[in-house]
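K.L.:
Got a sequence here, can you model it:
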Amino acid sequence: MRLYIQVRVYSAHYPVLGMTMTQVKTAKYRVIKQHICEKIESGQWLEHSKVPSENELTEQFSVSRMTARRALQELTEQGLLVRSQGSGTFVANFKSQSSLLEIRNIADEIQERGHQYHAQQLILKAVKVNEEVAILLALKAGDIAYYSSVLHFENNAPIQLEQRFVNPKLVANYLEQDFTQITPHAYLSSEAPLTEATHEVEAVLASEDIGRLLAISHITPCLQVKRRTWSSQGVVSLATLTSPGNKYRLGSHLIF
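P.N.:
Numbers count the residues shown, from 1 in each chain. The predicted structure follows:
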């Protein structure tokens, strides 16, 4: 059984949510969404600022009122705007933007439990991606992506194997990092701040290779999370996180 979870996390600067320029050009409501996001991101529209009405957007962008309404509604659903009947639409309070599932740095999680954290960098290299990975990273089959494999430890016991493909167009210096000193998540968050993520959660049996790395039997149940993340510029990474089932749990937010 697989559990699919959509997660959206917003920065204080309100980046455009995973939109590429091609997508922006294909639908007028996306053009309006990008315009609003850019106004907020640049600081021209502050918290609680009133944004143009449906009628004003209809005239400004030469679109139907339905198109303008869709743009405002989607940004409201995403937490960027707040609509008040009779008053208008306003930029949301930063504090109102939170995810039902919080994506956190595994090093912080472990240290907050009062335990020791360290990591072993297993692989860090450029690879040619197959068609499946290419589609998920918005690349073409055979294109180069960056790949890392990092084993995370809690109190000297392996707790999670992280296997990650990264879009080199958005994070050019990924291969120059030392992931025993900073986690891939922390580095990517600083270079390409997260705006959106999807999770596929699945119970799996450890393969022999994964079992060896996690110091468990190859028949031990594991919880595997496949995470795809976006920044304002597009898809950033595709990660597979595998942990022993008895050492990993899901709560009101993700705990690694």
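
K.L.:
Distance of Ser232 relative to Ala192?
P.N.:
Ser232 is 8 Å from Ala192, where distance means Cβ to Cβ, to the nearest Å. Any C-beta I mention is one placed from the backbone N, CA and C, and that applies to glycine too.

K.L.:
so how far is Val201 from the closest residue to Glu131 other than its chain neighbours?
P.N.:
Nearest residue to Glu131, sequence neighbours excluded (Cβ to Cβ, 6 or more residues apart in numbering): Ala141, at 4.2 Å. Applying Cβ to Cβ, the value for Ala141 to Val201 is 27 Å.

K.L.:
before we move on, what about Glu132?
P.N.:
19 Å.

K.L.:
can you check Leu238 too?
P.N.:
Distance of Leu238 to Val201, given as Cβ to Cβ: 15 Å.

K.L.:
When those two are compared, which one has more neighbours?
P.N.:
Leu238 (23 against 18; other Cβ atoms under 10 Å).

K.L.:
in its sheet, what does the helix or strand harbouring the more buried one sit against?
P.N.:
Per DSSP states H and E, Leu238 falls inside strand 234-244. Strand 234-244 sits in its sheet next to strand 157-166 (antiparallel), strand 221-231 (antiparallel), going by DSSP bridges.

K.L.:
now for those, which one comes closest to Gly43?
P.N.:
Checking those against Gly43 by Cβ to Cβ gives strand 221-231 as the closest, at 18.9 Å.

K.L.:
Please put the alpha-carbon coordinates of the closest one into PDB.
P.N.:
The C-alpha coordinates for strand 221-231 follow below in PDB (Å, rounded to 0.1, in the frame of the first residue of the first chain):
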ATOM      1  CA  PRO A 221      10.500  -4.100   6.900                       C
ATOM      2  CA  CYS A 222      11.500  -0.500   6.100                       C
ATOM      3  CA  LEU A 223       9.600   2.700   5.600                       C
ATOM      4  CA  GLN A 224      10.600   4.400   2.300                       C
ATOM      5  CA  VAL A 225       9.700   8.000   1.400                       C
ATOM      6  CA  LYS A 226      10.200   9.200  -2.100                       C
ATOM      7  CA  ARG A 227      10.300  13.000  -2.100                       C
ATOM      8  CA  ARG A 228      10.200  15.300  -5.000                       C
ATOM      9  CA  THR A 229      11.000  19.000  -4.300                       C
ATOM     10  CA  TRP A 230      10.600  22.300  -6.200                       C
ATOM     11  CA  SER A 231      12.000  25.800  -5.900                       C
END
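
K.L.:
Output the below-cut-off pLDDT ranges for this protein.
P.N.:
1-26, 78, 85, 93-102, 248-256 (pLDDT under 70).

K.L.:
one more time with 50
P.N.:
Counting by pLDDT under 50, the chain contains low-confidence ranges at 1-26, 95-101, 251-256.

K.L.:
any chance you could map the helices in it?
P.N.:
Using DSSP state H, the helices found in the chain span residues 21-26, 28-41, 54-61, 65-77, 106-112, 131-136, 184-191, 208-214.

K.L.:
As a quick check, tell me the outermost residue of this protein.
P.N.:
Relative to the centre of the chain, and counting by Cα atoms, centre = their mean, the farthest-placed residue is Gly86 at 35.0 Å.

K.L.:
Now do Thr76 against Arg65, distance only.
P.N.:
Distance of Thr76 to Arg65, given as Cβ to Cβ: 16 Å.

K.L.:
ok, now Thr195?
P.N.:
Remark: distance between Thr195 and Arg65 (Cβ to Cβ) = 28 Å.

K.L.:
Comparing those two, which residue is more hemmed in?
P.N.:
Remark: of Thr195 and Arg65, Thr195 carries more neighbours, 25 against 13, as counted by other Cβ under 10 Å.

K.L.:
so that one touches Gly234, yeah?
P.N.:
No: at 10.0 Å, Thr195 does not count as touching Gly234 under the criterion of Cβ atoms under 8 Å.
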